[in-house]
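> Dropping the sequence and predicted coords here.
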Amino acid sequence: MRYSIMVAGLVAGLLATPVLAEMKIAVADSQMALMASDAAKKAVEKLQGELKVQRDRMSQLKNEIEGLDAKAKKDGAVMSAKDKQDLQKQAEGKIQEYNNLGQTIQRRTQEVQNELLQRMLPKMEAAIEELQKTNKFDIIIERKSAIFADPSVDITKKITEKLNAATAAGK
């Protein structure tokens, strides 16, 4: 019984090998393709400009917090309890503002990413489908899911080119 199962497995493996050899497989990093597109670059650039004031304020707050910390360490031994408390409250207020700005930036970044993904996902699906039909790929695997893939089967750049063309054409 065991021998017949082993033989059946060997025969099945030999029969399947030609099928796999004839399959046309590609890999792609869809996230990289999207982020390399002109539309994503423009969205990131616009977001950076939009958030510049908040980032500058965060940098300023960081410097102020570090200055207050240095003052507390330097003068803490000779400061009155009230001065220490005032310095602590001042630092806590700046830390709170810093954290709030960080959360605002993170939320806005997430919103822009979601908007971009929502706008570009149909274009990416169309680009992948077009590449699949043109090149007659049997399977296209997400690059992150492959343990190894020869660079010659990576179609990420081609997807980005199709995304750029679709965006430029206003599709």
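Yes, it's here. Note that the structure is predicted; figures quoted are calculated from it, not measured. Residues are numbered from 1 along each chain as shown.
> what helix or strand is the residue nearest the centre of the chain on?
Nearest to the mean C-alpha position of the chain, by C-alpha atoms, centre = their mean, lies Gln31 at 6.4 Å. According to DSSP states H and E, Gln31 maps onto helix 30-35.
> Repeat that for Arg108.
Going by DSSP H and E, Arg108 is in helix 81-135.
> got the contact list for the closest residue to Met32 other than its chain neighbours?
Among residues not flanking Met32 along the chain, Thr156 sits closest, at 5.5 Å (C-beta to C-beta, 6 or more residues apart in numbering). (Glycine included, C-beta is placed from N, CA and C.) By C-beta atoms under 8 Å, 6 or more residues apart in numbering, Thr156 lies in contact with 27-30, 32-33, 36, 143.
> Now with 6 Å, please.
By C-beta atoms under 6 Å, 6 or more residues apart in numbering, the contact list for Thr156 reads 28-29, 32-33.
> just to revisit the earlier point, tell me the spacing between the residue nearest to the centre of the chain and Arg143.
Remark: distance between Gln31 and Arg143 (C-beta to C-beta, to the nearest Å) = 9 Å.
> cool, and Lys158?
Distance from Lys158 to Arg143, by C-beta to C-beta: 13 Å.
> quick one: low-confidence parts of the protein?
Residues of the chain meeting the criterion pLDDT under 70: 1-21, 171.
> before we move on, back to that, ok, and what's touching the helix holding Gln31?
Here helix 30-35 has contacts from 40, 120, 156, 159-160, using C-beta under 6 Å, 6+ apart.
> Dump these into a markdown table; add secondary structure as well.
Formatted as a markdown table, the contacts of helix 30-35 follow (DSSP: H, G, I helix; E, B strand; the rest coil):
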| residue | secondary structure |
| --- | --- |
| Ala40 | helix |
| Met120 | helix |
| Thr156 | helix |
| Ile159 | helix |
| Thr160 | helix |
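> Greatest separation within those residues: which pair is it?
Met120 and Thr156 (14.5 Å; C-beta to C-beta).
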